[in-house]
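> here is a sequence with its predicted model. Questions after.
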Amino acid sequence: MVEISNLTFKYEGSQKNALENINLHVNKGDFLGIIGESGAGKTTLCSAINALIPHHFKGDYYGSVKVDGQDTFDIAPGLLALKVGSVFQDIDSQMLSTFVEDEILFGLENFGVPKDQIERRLSQALKDIGIEDLRYREIASLSGGQKQKVAIASILALEPEVLLLDEPTGELDPASSRQIFQLLGHLNREKGMTVIVVEQKIMLLCEFARTLAVMEGGKLAACGPVREVLQTAEKLEEKGVNIPRVVTLSRRLAREGLIPSDIAVEKRLALNAKEAAELVGEICKGMPGRAQNAAALADSAEKRMESFDGKEPERDSENKTIIEFKNVNFSYRNDANIRDISVEIKKGDFVAIIGSNGAGKSTFSKLCNGLLKPSSGDVLVEGDNTKKVKTSRLAKKIAFLFQNPDRQICCNKVREEIAFSLKNIGLSEEEVKNRVEKTLQDFAFDPDAEPFSLSRGQRQRLCLACLIAVRSDILILDEPTTGLDYKECIE
């Protein structure tokens with residue numbers, strides 16, 4: 001279905017290849033997972049498959065990409081879109097309408113789908129993704145995760161032969177992520193749809209994908225059946241791939257000599273919790289000696305965890321409240337998103353905000369720094385009521401990382417981007433220079449790189465670096481690890 005031969009591509013103005021000598025064949029009905037660290041070339045590879053390269057993104061192009069036998073060099077992306085349905089990493093760039101219903105209708109009407117099919121396709125797409133209740137909502141009022149679901153629904157409604165998804169679960173909660181992959185698995189098995197998905201959540205790929213491709217530095221480092229590729233787990237970790245814990249467990253059991261020789265080779269590496277449970281069951285069944293060894297192994301692991309220095313951060317001796325919500329309510333056009341919240345956050349606290357998509361996490365965060373004002377109730381920041389204080393004044397106390405990094409990048413060079421806020425808060429030229437240099441060193445950025453030439457994950461890290469350089473009293477991060485690889489998340 002997709003045949004890539006000797007593909008090399010370098011973006012216009014870039015000094016190095018984004019893709020280098022890629023050879024990849026995807027059979028009709030396959031389910032391919034693509035993984036790798038940020039900047040490895042995963043998104044660029046997607047752009048080559050759906051013909052955005054070379055028709056939209058220009059540069060030096062060698063080799064060929066064929067979809068269902070047709071060379072993408074000879075077909076416009078708009079015409080190919082009926083065959084290859086794409087969900088991009090940057091969801092906002094894919095939204096064209098004001099309301100959810102109109103967003104899904106846009107593609108159907110644009111491609112001239114017969115009128116008597118439209119309602120069925122629209123309703124089915126909403127139902128499959130589980131967003132029937134969002135049909136008449138304004139897109140601007142949706143959370144990042146809800147927008148992601150709308151984007152996927154709008155592509156499913158077109159019923160393409162190939163589904164190409166670039167991190168489709170990046171902003172989804174665990175339950176929604178699993179729901180999306182279950183749907184992809186159903187479309188792949190029952191309808192024979194070819195699925196190609198870039199994803200950092202490798203456990204989902206282990207369960208649903210048949211083939212796994214690992215990207216590194218623009219090259220295809222490994223490609224093959226999932227179990228076969230994961231046999232080289234140690235090498236994959238070096239490439240920034242988050243190895244599933246069940247794989248780590250399997251390999252540890254093998255190293256400790258706990259897996260008996262009569263267990264089939266293909267069952268010695270567990271890819272999911274069910275397989276891991278079966279493996280451990282086989283090891284312990286009727287073998288008290290091995291069971292004791294396994295217990296000893298678990299005990300030593302527990303002692304190592306107990307020795308971990310998980311010190312609590314120091315808190316202000318006065319236990320000072322810096323953010324306070326007093327009976328706060330907030331609504332987007334009569335649709336209540338925050339209901340009667342009262343909470344105090346103390347100086348020195350480390351607060352995690354969790355909840356499903358659309359629960360109000362981003363809304364809560366924006367109420368903290370005055371980007372949104374309460375419909376009723378009050379939000380106080382170090383005693384200042386956000387209703388009465390300019391957001392620009394609050395910004396000197398609160399550094400805020402948006403869910404979408406592109407909303408806070410405004411300069412042409414990485415160095416300029418880091419310096420931008422430092423100059424705005426009135427630091428001396430010498431202090432700005434010192435902080436910029438330290439930040440560039442800490443985050444290993446190329447100072448002259450153009451921010452929008454970076455990958456989504458790298459842009460996210462750049463925005464975080466800019467905020468850390470300011471050294472504000474309060475740091476609010478709205479999903480800071482979206483688009484990051486495993487190493488970057490840990491960092």
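That came through fine.
> and the helices in the stretch 301-450 of the chain?
361-368, 391-394, 414-424, 429-443 (DSSP state H, counting those that start in this stretch).
> what residues are bridge-paired with L19?
F9 (DSSP bridges).
> wait, it sits on A48?
Yes: using C-beta atoms under 8 Å, L19 makes contact with A48 at a distance of 6.8 Å. Any C-beta I mention is one placed from the backbone N, CA and C, and that applies to glycine too.
> any shared contact partners between the two?
Any residue near both L19 and A48 by C-beta atoms under 8 Å, 6 or more residues apart in numbering counts here, and that gives L7, F9.
> okay, the helices of the stretch 301-450 of the chain in CSV with mean pLDDT next?
Listed next are the helices of the stretch 301-450 of the chain as CSV, based on pLDDT from 0 to 100:
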stretch, mean pLDDT
helix 361-368, 92
helix 391-394, 86
helix 414-424, 92
helix 429-443, 93
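> among those, which comes closest to N404?
Among the helices of the stretch 301-450 of the chain, the nearest to N404 by C-beta to C-beta is helix 361-368 (10.2 Å).
> go through the closest one and flag the buried ones.
Of the residues in helix 361-368, K361, S362, T363, F364, S365, K366, L367, C368 count as buried by neighbour count, 16 or more other C-beta atoms under 10 Å.
> wait, doesn't the fifth one sit right on P480?
In this case it means S365. No: in this structure, S365 is not within contact of P480 by C-beta under 8 Å, at 11.2 Å.
> report the helix or strand with the lowest average pLDDT across the protein.
Using mean pLDDT, DSSP states H and E, the weakest-scoring helix or strand in the chain turns out to be helix 288-306, at a mean of 60.
> quick one: the strands in the stretch 151-300 of the chain?
For the stretch 151-300 of the chain, strands defined by DSSP state E, counting those that start in this stretch occupy the ranges 162-166, 194-198, 211-216, 219-225.
> ok, and the closest non-adjacent residue to P374?
Excluding the flanking residues, the one nearest P374 by C-beta to C-beta, 6 or more residues apart in numbering is V328, at 4.7 Å.
> list the contacts for that neighbour?
V328 touches I338, D340, I341, S342, L367, P374, S376, G377, D378, V379, counting by C-beta under 8 Å, 6+ apart.
> OK, contacts around Q182?
By C-beta under 8 Å, 6+ apart, the contact set of Q182 is F208.
> give the burial count for V379, as a bare number.
Residues near V379, counting by other C-beta atoms under 10 Å, number 25.
> ugh, typo on my part, it should be V436
Neighbours of V436 (other C-beta under 10 Å): 21.
> surely it meets V414?
No: using C-beta under 8 Å, V436 is not in contact with V414, being 9.4 Å away.
> shared neighbours of these two, anything?
Counting by C-beta under 8 Å, 6+ apart, the contacts common to V436 and V414 are P447.
> what's the local residue count around D166?
Number of residues near D166 (other C-beta under 10 Å) recorded here: 23.
> again with the one 5 residues further on
Applying the criterion other C-beta under 10 Å, we find 23 residues in the vicinity of E171.
> ok, and the closest non-adjacent residue to it?
G144 (4.0 Å).
> ok, that neighbour - contacts?
Residues in contact with G144 (C-beta under 8 Å, 6+ apart) are I91, E171, N357, S362, Q403, N404, E479, T482.
> and these, which is closest to S123?
Nearest member of the contacts of G144 to S123, counting by C-beta to C-beta, is N357, at 20.9 Å.
> ok, that closest one to Q94 distance?
For N357, the distance to Q94 (C-beta to C-beta, to the nearest Å) stands at 17 Å.
> check E450 too.
From E450 across to Q94, the span is 22 Å (C-beta to C-beta).
> please identify which helix or strand holds L32.
Here L32, judged by DSSP states H and E, is contained in strand 31-36.
> same question for that strand, mean pLDDT?
Mean pLDDT, strand 31-36: 94.
> got it, and stretch 337-352?
Stretch 337-352 comes out at a mean pLDDT of 93.
> in it, what counts as buried?
By 16+ other C-beta under 10 Å, the buried positions in stretch 337-352 come out as N337, I338, I341, I345, K347.
> cool, and stretch 401-409?
Using 16+ other C-beta under 10 Å as the test for burial, stretch 401-409 gives L401, F402, Q403, N404, P405, D406, Q408, I409.
> who's in contact with A81?
For A81, the contact set (C-beta under 8 Å, 6+ apart) comprises N50, F111, L158, P160.
> buried members of those into PyMOL, please.
The PyMOL selection below is limited to those of the contacts of A81 classed as buried (16+ other C-beta under 10 Å):
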select buried, resi 50+158+160
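> got the contacts of A81 as CSV, with distance to S472 and pLDDT columns?
Below are the contacts of A81 laid out as CSV (distance: C-beta to C-beta, whole Å; pLDDT from 0 to 100):
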residue, distance to S472, pLDDT
N50, 40, 94
F111, 48, 90
L158, 45, 92
P160, 45, 92
